[in-house]
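>>> Have a look; sequence and predicted model below, questions after that.
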6 protein chains.
Amino acid sequence: MPRPDDRASDQLRPVTIQRGWLDHAEGSVLIEFGGTRVLCAASVQESVPRWRRDSGLGWVTAEYAMLPRATNTRNDRESVRGKIGGRTHEISRLIGRSLRACIDPKKLGENTVQIDCDVLQADGGTRTAAITGAYIALADAVTWLRERGVVRRDPFRSSVSAVSVGIVDGEPRLDLCYLEDSHAETDMNVVCTGDGRFVEVQGTAEGAPFDRAELDALLDLAAGGCAELTQLQKEALGR
Amino acid sequence: MPRPDDRASDQLRPVTIQRGWLDHAEGSVLIEFGGTRVLCAASVQESVPRWRRDSGLGWVTAEYAMLPRATNTRNDRESVRGKIGGRTHEISRLIGRSLRACIDPKKLGENTVQIDCDVLQADGGTRTAAITGAYIALADAVTWLRERGVVRRDPFRSSVSAVSVGIVDGEPRLDLCYLEDSHAETDMNVVCTGDGRFVEVQGTAEGAPFDRAELDALLDLAAGGCAELTQLQKEALGR
Amino acid sequence: MPRPDDRASDQLRPVTIQRGWLDHAEGSVLIEFGGTRVLCAASVQESVPRWRRDSGLGWVTAEYAMLPRATNTRNDRESVRGKIGGRTHEISRLIGRSLRACIDPKKLGENTVQIDCDVLQADGGTRTAAITGAYIALADAVTWLRERGVVRRDPFRSSVSAVSVGIVDGEPRLDLCYLEDSHAETDMNVVCTGDGRFVEVQGTAEGAPFDRAELDALLDLAAGGCAELTQLQKEALGR
Amino acid sequence: MPRPDDRASDQLRPVTIQRGWLDHAEGSVLIEFGGTRVLCAASVQESVPRWRRDSGLGWVTAEYAMLPRATNTRNDRESVRGKIGGRTHEISRLIGRSLRACIDPKKLGENTVQIDCDVLQADGGTRTAAITGAYIALADAVTWLRERGVVRRDPFRSSVSAVSVGIVDGEPRLDLCYLEDSHAETDMNVVCTGDGRFVEVQGTAEGAPFDRAELDALLDLAAGGCAELTQLQKEALGR
Amino acid sequence: MPRPDDRASDQLRPVTIQRGWLDHAEGSVLIEFGGTRVLCAASVQESVPRWRRDSGLGWVTAEYAMLPRATNTRNDRESVRGKIGGRTHEISRLIGRSLRACIDPKKLGENTVQIDCDVLQADGGTRTAAITGAYIALADAVTWLRERGVVRRDPFRSSVSAVSVGIVDGEPRLDLCYLEDSHAETDMNVVCTGDGRFVEVQGTAEGAPFDRAELDALLDLAAGGCAELTQLQKEALGR
Amino acid sequence: MPRPDDRASDQLRPVTIQRGWLDHAEGSVLIEFGGTRVLCAASVQESVPRWRRDSGLGWVTAEYAMLPRATNTRNDRESVRGKIGGRTHEISRLIGRSLRACIDPKKLGENTVQIDCDVLQADGGTRTAAITGAYIALADAVTWLRERGVVRRDPFRSSVSAVSVGIVDGEPRLDLCYLEDSHAETDMNVVCTGDGRFVEVQGTAEGAPFDRAELDALLDLAAGGCAELTQLQKEALGR
């Protein structure tokens, strides 16, 4: 079975990155992975949460959410239901960990950057688009802090990007769209640093369990996809 | 004191309306009133809530929300706080009532249209932009229902639009931006039908109480603004 | 169609005001507008909420609620449901704004008056009875503060009262009871100061939209009703 | 130490009972035990909760709550805090059990009576006043059901009333007011049927543990108090 | 009808007490009353809650909960339902009061002991097993505090234990198992100090009301059961 | 640095498995991985959730929780806080997915098995112990269903077990205890089927990102650990 959009199995969807989409946020990006559209906004506070005070260390955290009609059929709002769902929690935590992996908290000083990733439209890969965009919003927020002299040294250890991979119809594929994702036997999200090391590897057998060879093939695909995304991030940041 | 963007006191901010901003929603609009940017998405269900079953009547309802960094400084998510704030409730109810005022529920039949109005960026007048955009999303959703033969007759009694007015520095002004809104002595939101009648009038003395002459001046301004918005809605809908 | 209680269209229902209904509250009033019965209790704190500290300004706020069997059929308790409904939020905010409009926060000093308006029985106009009674409870609480020397100067800019008006069977009517309210085409709540200016105007087309002439007729009726209520408040306060 | 209101140790406070305090409830009572004032409202439903359907048995339940300023200093609303406190839960359950003890659910048929006990003013003994008043509201609601032919046979096995007793300054006392209650070494609430048997006995050592002789003295006092309340209930019901 | 396990009517079920069941808690006990199995863990904090600071007094509090499959059929988790049920609240409060009755807060100093009682398996009498075990966990936690010199003098006024009694088939019985408990006409929980005085007496007529003679018989049974439990506690503590 | 308990880097902690720890659950296991102690209880319902009705498919789900004093210092109860934390959500979902991976829902028929995994004591690896134990509780519940003829064919596709691995002091290690876990640079949880394929791979760089060689070493270690656990599961089940 060919891919719904006729891509090669190791091909990303078209990626667009618009920096500065919001007027007030210290960093903001509208990122698209094909039909997936995520607004990433960075908010700076020149302080840290109570439990981190007087540590000399900064803090980076993230919240992920989806608009109710981002998907094919409407989902109830979590604010109306009165609680955050498990999936939302899980992805917010993943984004936060991924961003913290590329920042030296000592160099950030006692400042907080909160990244909000709101999915305006969902077509698979929302968490990986969110991480890839959030890194750019974070980079802009850090630039903002450095321009004001609040942060003196570059706190970035590396960049970070993410992509989904999966086995569909027995074939390992890169950057699944929703249709593929919902039919995948195995689904994996991989977060890499700009120099190609792993920050997170989350693979799940949705259908049949996968063997070591399949796992290796998926990791190869993902590493290649992240390398491409790293390049696109550099271009978007004008580096 | 001149207006921050040098508008005349009876002049709207630039209004842009993009229909079909989402791929899946039965109606969707990205509407901008100056820096205020609201995504309105209509979701159709071919049924009605339990309490309305077997009535032969349709239902239109709305939910309003703001992204955490829509504003100058970040606000906590209502989903994280675990409850909807009073202001959000109030505006959701206002939008719903306004839309129901322009629809004949009998002609809609036992179908529900739910409109989600999500403020992506806020610069004053978010609820009035939401109502004005929601009407268009609703119109598109009704067209979708009619094209499928689910709804046979045009259920619209009229169109509906909304605008804010207020007294700033003693001067009645149309379509306040955030800076004006936060300094207004009196703030009023007015919802009108396309033929110039009132659906909602909500005036509040933020500072000094207002007299009848001031109230009359504000109502005149609002009626003019809504007439202009009605015209822009018609153009957007290609009528 | 005559009014259910044969009143003239511009006639208030019988109003009774009992001050000092509670032994401990710094101000308390049981107010009745016909069958509507609201207990208003003022609680004083010689401090202000955290966000207002060191501003030199006082704070007045209100909470509105209804006993479960205040109405014809029982409503579930909001405490049991675990959240405040939109209507409750909306009315609490309206009462608070109305009371703040008649107080100079600087003269109140860093003191808080919290007004609780609990509807013991509901027959239309609960929010307007609540505002009218709350003003008296507030006045008594301020007297309590002045007698103790905590507040030195009279902080009242004016008194405040409220009444509902509406169009029923095509006729503008004052102070709707529940039966009228539920059949009204248009329903408006108006809050006025003692000198006849407007603090809040909230008009809603429940059925057909209303035109400017109808709006004017309603405002006239409401202004008259508030003037009468102002007089009754004065008498109750022995002024 | 004499009692604050100079009562004898075995003397009730003045009890007043006003039936029919609400216009719509199928039974309603404003009951006062001295300064304690509780509004008890009975609401009838001609059906039972889902878990009891097709059992042929009726259901009686109760909810207890306190207005925020019923007490000397204001308490936050449970609806605003978003949850019911332990004390409220406990008392609601106690009232419900007490009422169910005096009704034959088979004779009630598949009907529900819900009793709401709202404390308008609290001066000790709110739960016992609530039970004593709730019985009368329940009696009126059952009369309402019998007059309509919904319930054919008298479902009451007995009446029910309640009183608090306690040891204050070493002395067993009947019907403690708030001041006594807050100083009591031991505090006991006793619910009795009209024929003098026990439905609930809840004794708590607030200070020192109590011995069997003290317990016996308290039970004697309580039995006498409940007998008096039974008589007052009969008079209020015109029996 | 004989008892399900052929006990005499005044006989306790087999009681086992394992101290130190957890590696980290300052006191911990796995206590069994027949098939009822409760894990009691004491956690020490060398401070007191805010409302008790600078009082010189310590604080002892408790939380009771049941694992979802402690019972015959599974119950939903209270954490998932998002709120604590009334029964849980009630029992937590009962345990806390019972433990505070045997401690002199002045001698405890500004330290807090929190006791968690988690029912791993339920077969009647969970609250009484919890109290009986909690006392031992508390004793171990106090020993821990004294060994560290944080508490200088023995703060215990007495020991505390608890047992259930009830009338089943007209017969007063000690320490009901679940089957008996669910058929009891009257159910009573009694908490006693080691010297035989009462801390709590909570009797409820589940079926028919009970008279004074029955009440007396139950109190006698309970006093005997608590005396036995006191002895077992002493042995467990090696005293 | 040697391991705190002197294990070899590829050595599991002592594992104990007690089946039938509860009297009523259709399957129950107390499993220990060293100091980690998890109670797994399986509850059977001969029906499926509403969204799965009439599909012919069964359902397996899980909930994970920790007692408040399972850890070194006490954590607040999620039931008291009123919401489930992100970590709890995440682990519950992981356990559920892992168990569903080894069951053919068609062969299970429209029956539900709910597994509760409650951590009584935590010393690292609670989620992997939970999965390993839950499989056995599930196996016992399925046996229960087969013995009653409710399930006719063996629904198991394989067994499932889980283990944690991590890089500590630069060394890949198997089955981390809490002390190691909190110092690990990389932490990975791996879920395998009995035949050695992967169900879940969740690797996180807590400190430095990890490269492909490190990832490979961890996967090797985990595969070996799971093979050993599979053997222990077989023995526990007497196969």
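Yep, it's here.

>>> how many other residues sit next to A:Ser9?
14 (other CB atoms under 10 Å in any protein chain shown). C-beta: built from backbone N, CA, C; applies to glycine.

>>> in what helix or strand does A:Val201 lie?
Per DSSP states H and E: A:Val201 is located in strand A:198-205.

>>> Quick one: name whatever helix or strand follows that strand.
Toward the C-terminus, strand A:198-205 is succeeded by helix A:212-236 as the next helix or strand (DSSP H and E).

>>> Tell me what angle that following helix forms with strand F:198-205.
40 degrees (axes from the mean of the first three to the mean of the last three CA atoms, to 10 degrees).

>>> re earlier: the strand holding A:Val201 near chain F anywhere?
Yes: for strand A:198-205, a contact with chain F is found by CB under 8 Å from any CB of the partner chain, at A:198-205.

>>> Around chain D, which positions in chain A sit nearby?
Counting by CB under 8 Å from any CB, no residue of chain A sits close to chain D.

>>> that older thread, please identify which pair of the residues of strand A:198-205 next to chain F lies farthest apart.
The span of the residues of strand A:198-205 next to chain F, defined through CB to CB, is set by A:Val199 and A:Ala205 at 21.7 Å.

>>> What count of nearby residues applies to whatever residue of chain A ends up closest to chain C?
In chain A, the residue that lies nearest chain C is A:Gly82 (6.7 Å; CB to the nearest CB). Neighbour count of A:Gly82, defined by other CB under 10 Å: 19.

>>> repeat for A:Arg74
The number of residues packed near A:Arg74 is 20, by other CB under 10 Å.

>>> who touches the residue nearest the centre of chain A in this structure?
Centroid-nearest residue in chain A: A:Ile131, 1.3 Å away (criterion: CA atoms, centre = their mean). With contact set as CB atoms under 8 Å, 6 or more residues apart in numbering or on different chains, A:Ile131 has these partners: A:94-95, A:98-99, A:160-162, A:191.

>>> ok, now A:Val113?
Counting by CB under 8 Å, 6+ apart, A:Val113 touches A:26-27, A:42-44, A:58-61, A:138, A:141-142.

>>> try it again with 6 Å
Contact analysis of A:Val113 by CB atoms under 6 Å, 6 or more residues apart in numbering or on different chains lists A:42, A:44, A:60, A:138, A:141.

>>> packing partners for the lowest-mean-pLDDT helix or strand in chain A?
Ranked by mean pLDDT, DSSP states H and E, the helix or strand of chain A with the weakest confidence is helix A:78-81, at a mean of 91. In terms of contacts (3 or more CB pairs under 6 Å, 6 or more residues apart in numbering or on different chains; DSSP states H and E), helix A:78-81 is packed against helix B:78-81.

>>> what does the model give the residue in chain A sticking out farthest from the centre for pLDDT?
Distance from the C-alpha centroid of chain A, by CA atoms, centre = their mean, peaks at A:Asp54 (29.7 Å). We have a pLDDT of 95 for A:Asp54.

>>> Output the contacts of A:Val113 in CSV, with secondary structure and neighbour count appended to each entry.
CSV is the format used below for the contacts of A:Val113 (DSSP: H, G, I helix; E, B strand; the rest coil; neighbours: other CB atoms under 10 Å in any protein chain shown):
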residue, secondary structure, neighbour count
A:Ala42, strand, 28
A:Val44, strand, 20
A:Val60, strand, 26
A:Leu138, helix, 27
A:Ala141, helix, 24
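
>>> Relative to chain B, which of the residues you listed is nearest.
Distance to chain B across the contacts of A:Val113 (CB to the nearest CB) is lowest for A:Ala42, with 8.1 Å.
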